[in-house]
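Q: no sequence on hand, only this structure:
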Ligand SMILES: [Zn+2]
């Protein structure tokens, strides 16, 4: 009788355990599924990125989702044993969905990191911030699925005063430049802000096309060239990432504007840009880190002095 009761209790226990196991397995499948689906779609869309190449990168599903529930994926190149990284670098492509080359270039750079990551920096790579724009049918769009230009949707300090005014008066309500109904209204923007907050990079590199230049916002010395691209500062726009990073966060933001949205630079040019970028990061990231440490210690000293005054 006792044996029978224990046996039936055990059987009863098996049901929830099995259910939990099935749920967690389903969660893992769903996660893989989102990355698989993204890679299938990206590989079918871009001439320079194959489905297999994308899948082999083992992108991480952050659980962040675009408007149309596509995965917002990252790849981390973490510190290497025994090597202290000079700092953290966040690279992002495809904030504008119709700038194909900006996504393909970031995939190429990930291939380089796959082969040569030495631990010099801790990299976080976002190959495609606006998947709904790139993968829109029949035609890729600059904006996200809500029709918002994500690079005008960042919560810059001037957003409330200027974003809509700028859109109306300077762009004549160009839908390609629509900043959204309020700052950080879009899931992609919120997700990227979360990446910045949690990763705390020293520098952000954003890849665009087709203006053929390097733009720079924020403190530190800008790179004078990346491959054939030369520094030309464009100024800031309300709600742009450069403005948000450079002015609001006082963080260096390098904007790489490739020469063509549809044609990739040559392999030699891609290597040259990467070499120049790493050289610049080597010089500037330690200075940035030092500046941040000094700023932190000033804040601590000031708060201690404040406490002393209270005492
Ligand atoms: Zn762009």
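A: Cool, the structure landed. Quantities reported herein were computed from a predicted structural model and do not represent experimental measurements.
Q: how about the stretch 101-250 of the chain: which residue is closest to the ion?
A: Residue of the stretch 101-250 of the chain nearest the ion, by Cβ to the ion: residue 208 (3.3 Å). In short, each C-beta sits where N, CA and C put it, glycine included.
Q: pretty sure that residue sits against residue 96.
A: Yes. Between residue 208 and residue 96 a contact is recorded at 6.3 Å, counting by Cβ atoms under 8 Å.
Q: so between those two, which is more surrounded?
A: Neighbour count, other Cβ atoms under 10 Å: between residue 208 and residue 96, residue 96 has more, with 27 against 22.
Q: next one, pLDDT for that one please.
A: Residue 96 carries a pLDDT value of 98.
Q: so what's the spatially closest residue to it that is not a sequence neighbour up against?
A: Excluding the flanking residues, the one nearest residue 96 by Cβ to Cβ, 6 or more residues apart in numbering is residue 142, at 4.6 Å. Applying Cβ atoms under 8 Å, 6 or more residues apart in numbering to residue 142 gives the contacts 96-99, 133, 149, 176.
Q: which element is residue 142 on?
A: Assigned by DSSP states H and E, residue 142 belongs to neither a helix nor a strand.
Q: could you check the pLDDT of it?
A: pLDDT, residue 142: 98.
Q: contacts for the helix or strand residue 214 falls within, please.
A: Secondary structure assignment for residue 214, by DSSP H and E: strand 213-217. Under the contact criterion Cβ under 8 Å, 6+ apart, strand 213-217 has outside partners 222-223, 225-226, 229-234, 236, 242-243, 245-247, 252-257.
Q: how about 7 Å then?
A: 222-223, 225-226, 229-234, 236, 242-243, 245-247, 253-257 (Cβ atoms under 7 Å, 6 or more residues apart in numbering).
Q: the very next helix or strand once past it: partners in the sheet, and parallel or antiparallel?
A: Of the helices and strands lying after strand 213-217 in sequence (DSSP H and E), the nearest is strand 225-226. In the sheet, strand 225-226 lines up against strand 229-230 (antiparallel) (DSSP bridges).
Q: residues of the stretch 201-311 of the chain that sit close to the ion?
A: By Cβ under 5 Å from the ion, the residues of the stretch 201-311 of the chain that approach the ion are residue 208.
Q: is stretch 96-112 anywhere near the ion?
A: Yes. Stretch 96-112 is in contact with the ion by Cβ under 5 Å from the ion, via 96, 99.
Q: identify the residues contacting that stretch?
A: With Cβ under 7 Å, 6+ apart as the contact definition, stretch 96-112 has outside contacts at 46, 48-49, 53, 57, 75, 91, 93-94, 125, 127-128, 130, 132-134, 136, 140-142, 151, 207-209, 258, 260-264, 270, 274.
Q: just the buried residues from those residues, in ChimeraX please.
A: The command below creates a ChimeraX selection of those among those that count as buried (16 or more other Cβ atoms under 10 Å):
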select :46,49,53,57,75,91,93,94,125,127,128,130,132,133,134,136,140,141,142,151,207,208,209,258,261,264,270,274
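Q: okay, and which of the contacts of stretch 96-112 map to helices?
A: Judged by DSSP state H, the contacts of stretch 96-112 include 53, 132-134, 270, 274 as members of helices.
Q: check those residues and tell me the two furthest apart.
A: Maximum pairwise distance among the ones in helices among the contacts of stretch 96-112 (Cβ to Cβ): 28.3 Å, between 132 and 274.
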